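> generate a structure from the sequence data that follows.
(one chain, ligands or ions: 2)
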Amino acid sequence: MKKTKRQWITDLVPGMQVNILLAVMKIELAKTRSGNDYLKLVLVDKTGSVEGRVWDKELSLELYNTIKQDQVVEVMGEVVDYNGLEQLHIFECKKVAADFYNIEDFVSRTNRDITKMKAELMQIISSIENKEILSYLKNIFLGDFFEIFSTSVGGRLIHHNYLGGLLEHTIEVAGYCSLIYQLQGQHFNRDILIAGAILHDIGKVFEYDKNSITFNITDKAKMLGGHIILGRDFIRQKLPSNFSTEIQEHLEHLILSHHGKKEWGAVVEPQTLEAIALHQADLVSARVNQASLLIEKSKDCHDWTEYDRYLQRSLKLYPKDSIS
Ligand SMILES: [Fe+2]
Ligand SMILES: [Fe+2]
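Numbering: from 1, shown residues only. Ligands and ions are numbered 1, 2, ... in the order given. A predicted model of the protein is given here:
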């Protein structure tokens, strides 16, 4: 690669010619309406993601057979505006050997201190009064598993998609649940709600391979189901034999329903007050994180952020000190 200034996804603007290192998150062969093969890619670096297209049929077939998901590639092409979204039209794409890139350029991690977050999670756990639930959680969040949980990712693309993101998201969801309880908690079982918040995404530990550059979905998740099923299975495995069946069923329900709707991946829709609250808390943490990441990525933008295809909007930017 020529020694020019390093380009990042956040720097891309329509009309720009690029020579950029990116990791392949998704690669798929598709057909145009006229039946020609073309290649659809999702490419990422630590600053974000961009859709790529290879329109040349020969090159599409050649790249589809040689480039694999999770590889780092050097891409030459042009940025175009596609319905308000930046898209990369690729003329050339070469695999880059591991010695020629820095993995930190593709994998990001939480800005928060993981040790402090672990202590915060333990404090939340300690606030649980029910002895059975308390000792159950304390037995899960210790040793090697707690280490693995604390550096796991909260997702691949949409929210908390960085190392430590799962712990950060879990603390946020438990925090929102705690606030809901304080404000409207007269009919809640707080211990169930907080335990559900702590456990709701625990299956993500087994869903994403955090050692792969683009946090690949693991074979286990592909074979057995995503984090909802894996999480339910995990909490079952960890139950002591004399654990209350009623509490077990409620905790499992919170995991199985936390996505709210079947079309959003819930196995069942929330059937208890705690499940409704958990779903909303999960949504707030995810959406606020998505919007915050968009603002962080748009440091060079004035007035409006770039369009975000997952939020399906741009956000209006105000200088932080503009309102006093
Ligand atoms: Fe989830
Ligand atoms: Fe979640």
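
> show the residue spans covered by the helices in this protein.
Using DSSP state H, the helices of the chain run over residues 57-66, 114-126, 131-140, 143-150, 165-184, 190-199, 204-207, 219-224, 227-237, 245-257, 273-297.

> need those in CSV with mean neighbour count, mean pLDDT and distance to Ala23, can you?
Quick note: C-beta positions are derived from backbone N, CA and C, even for glycine. What follows is the helices of the chain, written out as CSV (neighbours: other CB atoms under 10 Å; pLDDT from 0 to 100; distance: least, CB to CB, whole Å):
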stretch, mean neighbour count, mean pLDDT, distance to Ala23
helix 57-66, 15, 95, 15
helix 114-126, 15, 98, 23
helix 131-140, 16, 98, 32
helix 143-150, 14, 97, 22
helix 165-184, 20, 98, 17
helix 190-199, 25, 98, 31
helix 204-207, 24, 98, 19
helix 219-224, 12, 96, 20
helix 227-237, 19, 98, 22
helix 245-257, 19, 98, 31
helix 273-297, 19, 95, 16
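
> pretty sure Ile235 sits against His253.
No. Using CB atoms under 8 Å, Ile235 is not in contact with His253, being 11.4 Å away.

> quick one on the thing from earlier: for ligand 2, find the nearest of the helices of the chain.
Each of the helices of the chain has some distance to ligand 2 by CB to the ion; the shortest is helix 273-297, at 4.2 Å.

> the closest one and ligand 2, are they touching?
Yes. Applying CB under 5 Å from the ion, one finds helix 273-297 in contact with ligand 2 at Asp282.

> hmm, who's touching that helix?
10, 47-48, 154, 158-160, 169, 172-173, 176-177, 180-181, 187-189, 192-193, 196-197, 200-201, 250, 253-254, 257-260, 270, 305-306, 308, 310-311, 315, 317 (CB atoms under 8 Å, 6 or more residues apart in numbering).

> considering only those, which also neighbour ligand 2?
Asp201.

> for Thr214, give me its contacts.
Counting by CB under 8 Å, 6+ apart, Thr214 touches Ala23, Val24, Met25, Val44, Gln69, Asp70, Phe106, Arg156.

> now it. Nearest residue, chain neighbours left out?
Nearest non-adjacent residue to Thr214, counting by CB to CB, 6 or more residues apart in numbering: Met25, 4.4 Å away.

> same question, Thr218
Per CB to CB, 6+ apart, closest to Thr218 is Asp209, 5.2 Å.

> what about the one you found, how many residues close to it?
17 (other CB atoms under 10 Å).

> would you confirm that it contacts Lys220?
No. If you go by CB under 8 Å, Asp209 and Lys220 don't touch, sitting 9.6 Å apart.

> show the pLDDT at the nearest residue to Leu12 once chain neighbours are set aside.
The spatial neighbour of Leu12 that comes closest, neighbours along the chain excluded (CB to CB, 6+ apart), is Val79 at 4.7 Å. Looking at Val79, its pLDDT reads 95.

> neighbours around Val79, how many?
Using other CB under 10 Å, Val79 has 20 neighbouring residues.

> OK, contacts around it?
Val79 neighbours (CB under 8 Å, 6+ apart): Leu12, Val13, Pro14, Gly15, Met16, Val18, Glu86, Gln87, Leu88, His89.

> tell me the one of those nearest ligand 2?
Nearest to ligand 2 among the contacts of Val79, with distances taken as CB to the ion, is Glu86, at 28.3 Å.

> count of residues packed around that closest one?
19.

> quick check: it touching Gly48?
No. Proximity of Glu86 to Gly48 does not meet the contact threshold set by CB under 8 Å, at 9.9 Å.

> report the contact partners of the closest residue to Ser244 other than its chain neighbours.
Once flanking residues are discounted, Ser244 sits nearest to Glu132: 6.0 Å by CB to CB, 6+ apart. Going by CB under 8 Å, 6+ apart, Glu132 touches Phe243, Ser244, Ile247.

> same deal with Ala197?
Contacts for Ala197 (CB under 8 Å, 6+ apart) come out as Thr170, Val173, Ala174, Tyr176, Cys177, Leu278, Ala281.

> distance of the second one from Gln71?
Translated: Val173. To Gln71, Val173 is 34 Å away according to CB to CB, to the nearest Å.

> CA atoms only for stretch 179-186, dumped as CSV, please.
What follows is stretch 179-186, C-alpha atoms only, in CSV (Å, rounded to 0.1, in the frame of the first residue of the first chain):
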residue,chain,number,x,y,z
LEU,A,179,-34.9,3.6,38.0
ILE,A,180,-38.2,2.2,36.7
TYR,A,181,-38.5,0.4,40.0
GLN,A,182,-37.9,3.6,42.0
LEU,A,183,-40.4,5.6,40.0
GLN,A,184,-43.2,3.0,39.4
GLY,A,185,-42.2,0.0,41.4
GLN,A,186,-45.3,-0.6,43.6
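
> give the contact list for Ile124.
Here Ile124 is in contact with Ile171, Ala174, Gly175, Ser178, Ile194, Ile198 (criterion: CB under 8 Å, 6+ apart).
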